[in-house]
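Enquirer: quick one, fold the following:
(chains A, B and C)
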Amino acid sequence: MPSYWLVKSEPDVYSLDDLEKERGGSATWEGVRNYEARNFLRAMKRRDKVLFYHSRVKEPAIVGVATVARESYPDPTQFEPASDYFDPGSDPEDPRWSMVDLRFSLRFVRPVTRAELKRTAGLEEMPLLARGNRLSVTPVTPGQWAIIARLGKRRA
DNA sequence: GCCAACGTTGGC
DNA sequence: GCCAACGTTGGC
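Expert: Residues are numbered from 1 along each chain as shown, chains lettered A, B, ... in the order given. This is a model prediction of the structure:
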């Protein structure tokens, strides 16, 4: 049985559109530099389903779904001095940071906005909605998934 | 654009 | 090991 997750992305930097247009179909999800988020990346299994959330925009929203195309492996950018994600403290023999590959799955019929998530019963426990939460990767329960998937299929 | 919340850094 | 300072995230 697949597990469920949610990833955040700023669409100005990388959007669901960008994921859909990837040549070869999947994208490397590099650059996560938070231990808790990294641990979630490491727990992802191939074919797990991932809600794709657009942050730092006027109407933050879940816009669609991706799937895990490749399970976690070392993020090469941690060893690239020219990269924004370079981490001089990471040991190549025991890399500190991991990433996965994600593949576009589907776009919701309409975005499910943060405002709507907040007023929907059953989603109160989502880390995404907790005050001050900044994790870019979080787990989603099957119950939360069912509610959100349903909202995403429903026409406005 | 503002600013609260957060994780990290570094002085002591 | 503490904690203030700092830089970043991200909703509003």
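Enquirer: any idea how many residues pack against whichever residue of chain A sits closest to DNA strand B?
Expert: When distances are taken as CB to the nearest atom of the strand, chain A reaches nearest to DNA strand B at A:G132, 2.0 Å away. Bear in mind the C-beta positions are built from the backbone N, C-alpha and C, glycine included. Neighbours of A:G132 under the rule other CB atoms under 10 Å: 4.
Enquirer: please apply the same query to A:I148.
Expert: 24.
Enquirer: likewise for A:R155?
Expert: 5.
Enquirer: ok, now which ones touch the closest residue to it other than its chain neighbours?
Expert: Spatial nearest neighbour of A:R155, excluding adjacent residues (CB to CB, 6 or more residues apart in numbering): A:V109 at 5.7 Å. A:V109 is in contact with A:G152, A:K153, A:R154, A:R155, A:A156, counting by CB atoms under 8 Å, 6 or more residues apart in numbering.
Enquirer: could you dump the helix or strand hosting the first one to CSV, C-alpha only?
Expert: Going back to what we said before, that points to A:G152. Using DSSP states H and E, A:G152 falls within helix A:142-153. What follows is helix A:142-153, C-alpha atoms only, in CSV (Å, rounded to 0.1, in the frame of the first residue of the first chain):
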residue,chain,number,x,y,z
PRO,A,142,-5.0,8.2,4.1
GLY,A,143,-8.0,10.0,5.6
GLN,A,144,-6.6,13.4,4.7
TRP,A,145,-5.7,12.2,1.3
ALA,A,146,-9.2,10.9,0.6
ILE,A,147,-10.7,14.2,1.5
ILE,A,148,-8.3,16.3,-0.5
ALA,A,149,-8.4,14.1,-3.6
ARG,A,150,-12.2,14.4,-3.5
LEU,A,151,-12.1,18.2,-3.3
GLY,A,152,-9.6,18.3,-6.2
LYS,A,153,-11.9,16.3,-8.4
